[in-house]
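Enquirer: predicted model, plus sequence, below.
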There are 2 protein chains.
Amino acid sequence: MTDGDPIIALDAMGGDNAPGAIVEGAVTAARQLGVRVALVGQTEAIERELARLAPRPDPITIVDAPEVIDMDEHPAQAARQKKQSSIVVGLRMLKQREADAFVSAGNTGAVMAGAIMHVGRVRGIERPSLVGLLPFAGKLTAFLDVGANADARPEYLLQWAQMAAVYMEHVWKVERPTVGLLNIGEEESKGSAVVQEAYELLEASGLNFIGNVEGRDVPLGGADVIVTDGFTGNVVVKTMEGTADLIMTELRAAITSRPWYAAAGLVLTPAFGALRKKFDYREYGAGPLLGVNGLVFIGHGRSDARAISSALRMAREAAQSGMLEAIREAAPARVVAGTPREGGDSREEVEAT
Amino acid sequence: MTDGDPIIALDAMGGDNAPGAIVEGAVTAARQLGVRVALVGQTEAIERELARLAPRPDPITIVDAPEVIDMDEHPAQAARQKKQSSIVVGLRMLKQREADAFVSAGNTGAVMAGAIMHVGRVRGIERPSLVGLLPFAGKLTAFLDVGANADARPEYLLQWAQMAAVYMEHVWKVERPTVGLLNIGEEESKGSAVVQEAYELLEASGLNFIGNVEGRDVPLGGADVIVTDGFTGNVVVKTMEGTADLIMTELRAAITSRPWYAAAGLVLTPAFGALRKKFDYREYGAGPLLGVNGLVFIGHGRSDARAISSALRMAREAAQSGMLEAIREAAPARVVAGTPREGGDSREEVEAT
């Protein structure tokens, strides 16, 4: 950790509303919560936004990164080539212990690829995994993988569940978080070969494993942690979005179908607006990228100042909580002696404990 | 086909509302649409319901089946052992050409297992697949597999897409139905190994393949046919249900949060009720079980008389349309000479054409 309060490196250039909303979120977090933020990006653009929001709060610094990775650039290629981009510069600060966490609302794939390249994995973790933080049913659920690890192996699912449980404990103070395995029935014998094997591993893991959960348990918050492969995870979050969009559209249509409905609908407009916002799972700060050897949080491209400010608070909480150390502890391979070979670009073999 | 108008065998004992709602649906279909229905089940119970709905319409007959398979019985075991159950008797009528289609709102797994055991597969089809008929976005989408074929191979996905396209053409008169492959991105190179290989097969298939579609396209009707493995399919339909349930709950909560909302909400109650019903994908008749060597339609356990009546109409349409013959034509193995060995219990090898 850096000296004193954690420093959070923030990608000032990432997201649809960058740099304006990003810098504004940083100023809010610094002013109201005292979060120490290093704004990483094009100095001139950042200065302009800061001037607009003057006076500049003390705990904000600027780290220059002249290049920008666009939202639709090829992730791995951009992360490899644009070494002066805000994403890569921010990740390298993490690697070199100049920051305690990195937050970005930029190109998700580039942050993921960049984190593996420039920060490296926790020793023993095979695949980093991105958490979607679902706030729907009056409680939070860490749903993973939403980071597109399409072909998951049973051991990946186990590791993801372990890391997400550590995250829920440390950042959200959930004691012995419940862990559910997304499946197509409640019985142990259900599901694909991979899922059946993952069931065995989870049952023997010492986690608070509650068994299989089903598709409806994801929006309804059936467990504190719900684990699945990145193919299913991606499809599920997009299905939730599509369903919510469709219902809202139909609701509007239903309300305009009769004159007396329309008047009632007008009264309810603010309630509907709040509801629509509530069902955008990405409005709630940022999801952690678990398994890289540093604290990386990825927010949605549409993040506004509020989402950024809440992501910064969450990142500080994670840095102060010892979450990363606990994940290193829980990982199956341990550094036995000599210089710790944490992270790096190469792929270590997993050593079973 | 049986002589004259198709005969539809209907499982009178299957579903939460059996036999009452089932018999009522049959009477409606017979009376209003002239559908010839063979009610399969316990004669006495059926007679009682028919008496209640007297006079009995001409095209209704009763076929006695003294046993009942409960909704929560072990599917394969029940389908094997309860030979006098309405499900097995109905399926055997199909096999013996005493009926042209079979409709059941009973134990889905037992109907599927029973159909494979007692009716057999279309020669060349490796795995029968259950279609979920999604009516959400003002058009119908055939979404499959929702029948829990958890470990799908690329060839299964191809066959399912082919059969579902035939179904949409024949029963719903959709010309050259668009086919989408459920994936985690639009690019060809996305997704699991199985999905990437299925992409190649679909592209070369001669189907009207529009490429990858994503999770949000399922509720929003992004293609006439959307194909995926039975694991993802099951998770997706349950996620849609859970999301719809949650939104309706939240909507109620939002409306009761302010007195002036409550009054407006009261006015809108009928609109909300209609909306809730619309999002239960299983209200819309029944989905075909494609790949068995007969027309089998599986309705939801909660089917009411209206759903049964609409399933019966759909089954008659399928029988008259030549859909099954077209599926046999499209299947990769052809009967070359001698007695056609269609169906049967044994597993034929696939002969590539």
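Expert: Right, received. Where do you want to start?
Enquirer: I figured residue A:105 hits residue A:303, correct?
Expert: Yes: Residue A:105 is within contact range of residue A:303, at 4.0 Å (criterion: C-beta atoms under 8 Å). No exception for glycine: its C-beta is placed from N, CA and C like everyone else's.
Enquirer: quick one: common contacting residues for these two?
Expert: A:15, A:22, A:286, A:311 (C-beta atoms under 8 Å, 6 or more residues apart in numbering or on different chains).
Enquirer: please compute how far stretch A:135-145 lies from its chain's middle.
Expert: 12 Å (C-alpha atoms, centre = their mean, to the nearest Å).
Enquirer: re earlier: farthest-separated two in the shared contacts of residue A:105 and residue A:303?
Expert: A:22 and A:286 (11.9 Å; C-beta to C-beta).
Enquirer: which neighbours do these two share?
Expert: Joint contacts of residue A:22 and residue A:286 (C-beta under 8 Å, 6+ apart) are A:105, A:303.
Enquirer: so which of these two has more stuff around it?
Expert: Neighbour totals were compared for residue A:22 and residue A:286, and residue A:22 leads with 32 against 25 (other C-beta atoms under 10 Å in any protein chain shown).
Enquirer: please look at that one and residue A:12 and confirm they touch.
Expert: Yes: here residue A:22 reaches residue A:12: they are 5.1 Å apart, a contact under C-beta under 8 Å.
Enquirer: shared neighbours of the two, anything?
Expert: residue A:39.
Enquirer: just the closest of the shared contacts of residue A:105 and residue A:303 to residue A:80, please.
Expert: Nearest to residue A:80 among these, with distances taken as C-beta to C-beta, is residue A:15, at 21.4 Å.
Enquirer: backbone dihedrals for residue A:148, please?
Expert: Residue A:148 adopts backbone torsions of phi 70, psi 30, taken as degrees, to the nearest 10.
Enquirer: also residue A:218?
Expert: phi -70, psi -60.
Enquirer: for chain B, what are the nearby residues on the stretch 251-353 of chain A?
Expert: The stretch 251-353 of chain A has residues A:251, A:254-255, A:257-258, A:260-261, A:263-265, A:267-268, A:271-272, A:274-275, A:278-279 near chain B, with proximity defined as C-beta under 8 Å from any C-beta of the partner chain.
Enquirer: would you mind writing the ChimeraX command to select the buried ones in these?
Expert: A single ChimeraX command selects the buried members of those (16 or more other C-beta atoms under 10 Å in any protein chain shown):
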select /A:251,254,255,261,264,265,267,268,271,272,275,278,279
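Enquirer: report the central residue of chain A.
Expert: In chain A, the residue lying closest to the centroid (C-alpha atoms, centre = their mean) is residue A:287, at 1.5 Å.
Enquirer: endpoints of stretch A:80-90, how far apart?
Expert: With C-alpha to C-alpha, to the nearest Å applied, stretch A:80-90 spans 14 Å between its terminal residues.
Enquirer: who's in contact with it?
Expert: Residues contacting stretch A:80-90 (C-beta under 8 Å, 6+ apart): A:9-14, A:38, A:40-42, A:63, A:65-69, A:78-79, A:99, A:102, A:104, A:106-107, A:110-111, A:113-114, A:117-118.
Enquirer: ok, now stretch A:38-58?
Expert: With C-beta under 8 Å, 6+ apart, stretch A:38-58 has contacts from A:7-13, A:18-20, A:22-24, A:26-27, A:30-31, A:60-66, A:68, A:86, A:89-90, A:93, A:98-99.
Enquirer: what separates it from the chain centre, distance-wise?
Expert: Worked out by C-alpha atoms, centre = their mean, stretch A:38-58 lies 25 Å from the chain centre.
Enquirer: pick out the residue of the stretch 1-150 of chain A closest to chain B.
Expert: Going by C-beta to the nearest C-beta, chain B is nearest to residue A:150 of the stretch 1-150 of chain A, at 4.3 Å.
Enquirer: could you give the backbone dihedrals for that residue?
Expert: According to degrees, to the nearest 10, residue A:150 has phi -70, psi -40.
Enquirer: identify the residues contacting it.
Expert: Contacts of residue A:150 by C-beta under 8 Å, 6+ apart are A:229, A:230, A:231, B:184, B:190, B:191, B:192, B:195.
Enquirer: so which of those residues wins on neighbours?
Expert: residue A:229 (28 neighbours).
Enquirer: test my guess that that one contacts residue A:148.
Expert: No: when contacts are counted by C-beta under 8 Å, residue A:229 is not listed as touching residue A:148 (9.7 Å).
Enquirer: can you give me the strands in chain A?
Expert: For chain A, the strands defined by DSSP state E cover A:7-11, A:36-41, A:60-64, A:101-104, A:129-134, A:141-144, A:178-182, A:208-213, A:225-227, A:286-290, A:295-299.
Enquirer: send the alpha carbons of the third one over as PDB?
Expert: It refers to strand A:60-64. Extracted in PDB, the C-alpha atoms of strand A:60-64 (Å, rounded to 0.1, in the frame of the first residue of the first chain):
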ATOM      1  CA  ILE A  60      -6.600  15.400  -6.100                       C
ATOM      2  CA  THR A  61      -3.500  15.000  -8.300                       C
ATOM      3  CA  ILE A  62      -3.000  14.600 -12.000                       C
ATOM      4  CA  VAL A  63      -0.900  12.000 -13.800                       C
ATOM      5  CA  ASP A  64      -0.400  12.800 -17.500                       C
END
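Enquirer: ok and it relative to strand A:36-41, angle-wise?
Expert: Between strand A:60-64 and strand A:36-41, the angle comes out at 30 degrees (axes from the mean of the first three to the mean of the last three C-alpha atoms, to 10 degrees).
Enquirer: which one's the longest helix in chain A?
Expert: helix A:230-255 (DSSP state H).
Enquirer: go through that helix and flag the buried ones.
Expert: Under 16+ other C-beta under 10 Å, the buried positions of helix A:230-255 are A:230-248, A:250-251, A:254-255.
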